[in-house]
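Trainee: fold the following.
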Amino acid sequence: MLTIDVLNEFGADTKEGLARCLDDEEFYLELIPEALERERYEELQKLLDEKKLSEAFEAAHALKGVLGNLALTPIYDPTSEMTELLRAGTDMDYTDLITKVIAQRDRLAQLIES
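Mentor: Residues are numbered from 1 along each chain as shown. Purely as a prediction, here's the structure:
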């Protein structure tokens, strides 16, 4: 079940996330599942696998914004790092970063389901 305590256990900065949602806990919690939609992550991984760096940047940047607004720090940090590398057009193997992002996304999803 999704609660502020679960998000704190995950490592989210719920104080910041709630502040961005005008301290409306119900609204904040309603937004979390949207940030975890598997399709967002799968699309980013596909773009990285296909070396479509410009499109991957756009996808990573959008995801970074959502994660940052909700202060989901364990997912946000590697997404932010990836976004900046993609912004610079860095042609590299992004496997480690996207693996971290997806692993953290999955960890939070499992915490919510418990």
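
Trainee: how near is the residue nearest to F57 when sequence neighbours are not counted to Q110?
Mentor: Leaving aside its chain neighbours, F57 sits nearest to L86 (3.7 Å; criterion: CB to CB, 6 or more residues apart in numbering). Heads up, the C-betas are built off the backbone N, CA and C, glycines and all. To Q110, L86 is 27 Å away according to CB to CB, to the nearest Å.

Trainee: remind me, longest helix of the protein?
Mentor: Ranked by residue count, the top helix of the chain under DSSP state H comes out as helix 95-113.

Trainee: show me which residues of it are buried.
Mentor: Of the residues in helix 95-113, 97-98, 100-102, 104-105, 108, 112 count as buried by neighbour count, 16 or more other CB atoms under 10 Å.

Trainee: and for stretch 24-31?
Mentor: So for stretch 24-31, counting by 16+ other CB under 10 Å, buried means 28-29.

Trainee: what mean pLDDT does it have?
Mentor: The average pLDDT within stretch 24-31 is 97.

Trainee: please save the CA atoms from it in CSV.
Mentor: The C-alpha coordinates for stretch 24-31 follow below in CSV (Å, rounded to 0.1, in the frame of the first residue of the first chain):
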residue,chain,number,x,y,z
ASP,A,24,-1.8,17.8,-0.4
GLU,A,25,-0.8,14.3,0.6
GLU,A,26,-3.7,12.6,-1.2
PHE,A,27,-2.8,14.4,-4.5
TYR,A,28,0.9,13.6,-4.0
LEU,A,29,0.2,9.9,-3.5
GLU,A,30,-2.1,9.9,-6.5
LEU,A,31,0.8,11.1,-8.7
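
Trainee: chain center to it: distance?
Mentor: What separates the centre of stretch 24-31 from the centre of its chain is 17 Å, taken as CA atoms, centre = their mean, to the nearest Å.

Trainee: kind regards, and thank you for your time.
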